[in-house]
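Peer 1: when you get a sec, could you give me coordinates for this:
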Amino acid sequence: MHKACTYLVALLLLASACAASAQILPSEAGLRFSEQISNGPAGTCGCFNLQGAALDANWNLIHPAPGFRLGLAFDAALENTGSVSGAAYGLTLSTFAAGPRFKLSIKKMQPFAQALFGIAHGTGSQFPQNGNTLASSANSFALDVGAGADYSLGKHFSIRFLQADYLRTALPNNSTNWQNNLRIGAGLTLHISH
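Peer 2: From the prediction side, this is the model:
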């Protein structure tokens, strides 16, 4: 798994370098509050919530049709909970992902959809390892598929009034080693002139 994470990070850096060579600054950058609902680990019932913040950047690469843009998005999120499904331990989850973002411009509304791939890092929790050993941190692949909408407040700012993402991680949990997460967010987007 560590080798796969290393290759994935290298791919993300290469993709970001390609975008940066096209234009140094992103077309837009955002900051948002994030609330995440995650499924409980094996042997527990119910779901638990994490709260945190996320940063994202988008480089517009092509405009294949009027009002339509295809870009490269990068998203970094950090969320935390003090207790996982009532357990005596919590979880801090950070994700780093990149991939294509498709965006429309309809007057002041700018809906978008994205499919991002990257890594997840969990810490401050209990992750089963080989045998009966528990580790306090673990890494895994992350898939982040979602959509959202910005509402323009002027030339330089938009409100991200909604972003909803399905986040799938593969942190060890003594069961399927898959976690299904729903992430909801809202915030502010800065449009950078080139």
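
Peer 1: list the contacts of residue 134.
Peer 2: 126, 127, 128 (C-beta atoms under 8 Å, 6 or more residues apart in numbering). C-beta coordinates here come from the backbone N, C-alpha and C atoms, glycine included.

Peer 1: tell me which of the residues you listed fall in strands.
Peer 2: Cross-referencing the contacts of residue 134 against strands under DSSP state E gives 126, 127, 128.

Peer 1: which of those lies at the shortest distance from residue 67?
Peer 2: residue 127 (45.2 Å; C-beta to C-beta).

Peer 1: the closest one is in contact with residue 139, isn't it?
Peer 2: No - using C-beta atoms under 8 Å, residue 127 is not in contact with residue 139, being 9.7 Å away.

Peer 1: quick one: residues contacting residue 91.
Peer 2: Contacts for residue 91 (C-beta under 8 Å, 6+ apart) come out as 50, 80, 81, 84, 122, 123, 124, 125.

Peer 1: run through the helices of the protein in chain order.
Peer 2: Secondary structure of the chain by DSSP state H: the helices cover 2-22.

Peer 1: least confident pick among the contacts of residue 91?
Peer 2: Among those, residue 84 carries the weakest pLDDT, at 81.

Peer 1: and that one, how many neighbours?
Peer 2: 19 (other C-beta atoms under 10 Å).

Peer 1: next: residue 107.
Peer 2: Using other C-beta under 10 Å: residue 107 sits among 8 other residues.

Peer 1: next one: residue 29
Peer 2: 16.

Peer 1: just list whatever residues bridge to it.
Peer 2: Assessed by DSSP bridges, residue 29 has beta-bridge partners residue 57, residue 190.

Peer 1: surely it meets residue 57?
Peer 2: Yes - Residue 29 lies in contact with residue 57 (C-beta under 8 Å); the separation is 4.8 Å.

Peer 1: what's opposite the residue lying closest to residue 113 once chain neighbours are set aside in the beta bridge?
Peer 2: Excluding its sequence neighbours, the residue lying closest to residue 113 (C-beta to C-beta, 6 or more residues apart in numbering) is residue 147, at 4.5 Å. Judged by DSSP bridges, the bridge partners of residue 147 are residue 113, residue 164.

Peer 1: contacting residues for residue 147?
Peer 2: Applying C-beta under 8 Å, 6+ apart, we find residue 147 in contact with 111, 112, 113, 114, 163, 164.
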